[in-house]
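> Next input, structure requested:
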Amino acid sequence: MLRVKAIAPLRLDDAEMVRRQERYRRLGGPDLAITLVNLAGPDAPERFDSAAGIAASDRLTAAEIERTDPAEFDVALPDCVLDPAIVGQGDFPVPVAGILRLVAGHLASLGRPFAVVTRNRVIGDELAARLDRYALGGWLDGRYVLDVDFCLISDHQAWSAAMKPLEAELTAAGARTLFNGCSAVDLDTDRLGDVAVVDPTALALRLLAVAGEAGLYR
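So this is what the prediction gives:
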């Protein structure tokens, strides 16, 4: 079983930590033992509404990865589609997997361009920039913004309702795949009409499990 240290990209309250930990337990199944830790530090952001908050998350997530004990964990996983701390950092005590890099790379390997939807424009701009750093920006064929409050992240029905109006736009644009740009949302559908909706965390964990079974983290 692969032992995964998941790191919250924000300072989460107790209820949200419990929700996300339970979701990781369910999605990880029998192949992944996932432990979620909260983001530490007096300046840990509580949401991503600015570039400064994202930069603070990068720095503090890197510090948390550096504190990882290789005797306890096989791999670290930032709990965010922005892959905080992964790009431009030095060596870490354990390998670091990124939700964005895993999923976007997998979609690219399938020859499947994808649109992305994010909670706000700040996150959407940063996600596009990080795809470019991974040399995967060419697979991004559309960007959509819900412009909703942070609280919808824990309300899957409200999030799905907010996404529903995108169906006509995606269909008109000829999109086939939509990357849901929030790792913490529990999607209640994998389709918007004829468009496949990707839950990035669920897919990333399946890819991690395959890598673990193949012994790639030994």
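
> Mind jotting down where the strands sit in the protein?
Here the chain has its strands, by DSSP state E, at 2-7, 32-37, 75-78, 114-118, 140-145, 177-180, 191-192, 195-198.

> and those, which is most packed in?
strand 75-78 (a mean of 26; mean count of other C-beta atoms under 10 Å). (Each C-beta comes from the backbone N, C-alpha and C, glycine too.)

> what sits up against it?
Residues from elsewhere that reach strand 75-78 (C-beta atoms under 8 Å, 6 or more residues apart in numbering): 2-7, 9, 34, 61, 65, 68, 84-86, 92, 94-99, 204, 208, 217.

> coming back round to it: can you list the strands of the chain in JSON lines and add mean pLDDT?
Output for the strands of the chain, formatted as JSON lines (pLDDT from 0 to 100):
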{"stretch": "strand 2-7", "mean pLDDT": "98"}
{"stretch": "strand 32-37", "mean pLDDT": "98"}
{"stretch": "strand 75-78", "mean pLDDT": "97"}
{"stretch": "strand 114-118", "mean pLDDT": "96"}
{"stretch": "strand 140-145", "mean pLDDT": "95"}
{"stretch": "strand 177-180", "mean pLDDT": "96"}
{"stretch": "strand 191-192", "mean pLDDT": "90"}
{"stretch": "strand 195-198", "mean pLDDT": "96"}
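
> Let's have these in CSV, adding distance to A55.
Below are the strands of the chain laid out as CSV (distance: least, C-beta to C-beta, whole Å):
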stretch, distance to A55
strand 2-7, 16
strand 32-37, 20
strand 75-78, 14
strand 114-118, 17
strand 140-145, 21
strand 177-180, 23
strand 191-192, 32
strand 195-198, 27
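
> coming back round to it: which of the contacts of strand 75-78 count as buried?
For these, a burial check counting by 16 or more other C-beta atoms under 10 Å picks out 2-7, 9, 34, 61, 65, 68, 84-86, 92, 94, 96-99, 204, 208, 217.

> A168 versus the residue nearest the centre of the chain, what's the distance?
Taking C-alpha atoms, centre = their mean, the centroid of the chain lies closest to V81, which sits 2.8 Å from it. Between V81 and A168 the computed distance is 24 Å (C-beta to C-beta, to the nearest Å).

> quick one: contacts for A40?
For A40, the contact set (C-beta under 8 Å, 6+ apart) comprises 60, 63-64.

> Now for those, which sits with the most neighbours around it?
L60 (24 neighbours; other C-beta atoms under 10 Å).

> Distance check, the residue lying closest to it once chain neighbours are set aside against A158.
Nearest non-adjacent residue to L60, counting by C-beta to C-beta, 6 or more residues apart in numbering: G41, 4.6 Å away. When distance is defined by C-beta to C-beta, G41 is 30 Å away from A158.

> I appreciate the help and will end here.
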